[in-house]
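Chemist: Have a look at this prediction, sequence included:
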Amino acid sequence: MPVDLSGIWKLDNSENFEEFMKKLEVGMALRKMGALAKPTTIIEQNGNHFVIKTETTFKNTKVEFDLDKEFDEKTADDKEVKSVATWDGDKLVVTQKRGPPIGDVQYIRELQGDDALLLTCTAGDVVCKRHYKKSSK
């Protein structure tokens, strides 16, 4: 069984997030708010079933899915996409099918020791890294 990603994760820092949002064609106002946000992500993992909630001061999202099954997802910028989640070793890989001109977007979550989580977001040639720290609340 792969690792358990369950927990409360608070964003510590980001690399290249605004460029990533620009690649996803997120409008300037939402990009500016997103760049300032320090989200808390709550991951509930029960076998192959996941619930991922992301909370910020201006927007909350929730996605629920089972591994290896396509699911409908509404992105933080209110786009409707088809996604699928799989394990790649100890990495949870969620691939969003965004269609032209953006194409597939990947979100890879992996533990970094006992109290850190790395989220690597890739859209085309743009890569963003978001570093989270485990929190008790």
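Modeler: Cool, the structure landed. On a predicted model such as this, the values are computed, not experimentally measured, just so you know.

Chemist: only C-alpha atoms for contact and neighbour calcs from this point on.
Modeler: Will do.

Chemist: those strands in this structure, which residues are they?
Modeler: Assigned by DSSP state E, the strands in the chain fall at 7-15, 40-46, 49-55, 60-66, 71-74, 80-88, 91-97, 104-111, 116-123, 126-135.

Chemist: Rebuild the ones you listed as TSV, extending it with distance to residue 34, mean pLDDT and mean neighbour count.
Modeler: TSV is the format used below for those (distance: least, CA to CA, whole Å; pLDDT from 0 to 100; neighbours: other CA atoms under 10 Å):
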stretch	distance to residue 34	mean pLDDT	mean neighbour count
strand 7-15	11	97	17
strand 40-46	13	97	19
strand 49-55	12	97	16
strand 60-66	12	95	16
strand 71-74	16	94	16
strand 80-88	19	96	17
strand 91-97	19	97	20
strand 104-111	17	97	19
strand 116-123	14	98	19
strand 126-135	12	97	18
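
Chemist: between those strands, which gets nearest to residue 29?
Modeler: Closest to residue 29 of the strands of the chain, according to CA to CA: strand 60-66, at 16.9 Å.

Chemist: The closest one to strand 40-46, inter-axis angle?
Modeler: Counting by axes from the mean of the first three to the mean of the last three CA atoms, to 10 degrees, strand 60-66 lies at 20 degrees to strand 40-46.

Chemist: and strand 60-66, what other elements does it pack with?
Modeler: Here strand 60-66 touches strand 49-55, strand 71-74, going by 3 or more CA pairs under 8 Å, 6 or more residues apart in numbering; DSSP states H and E.
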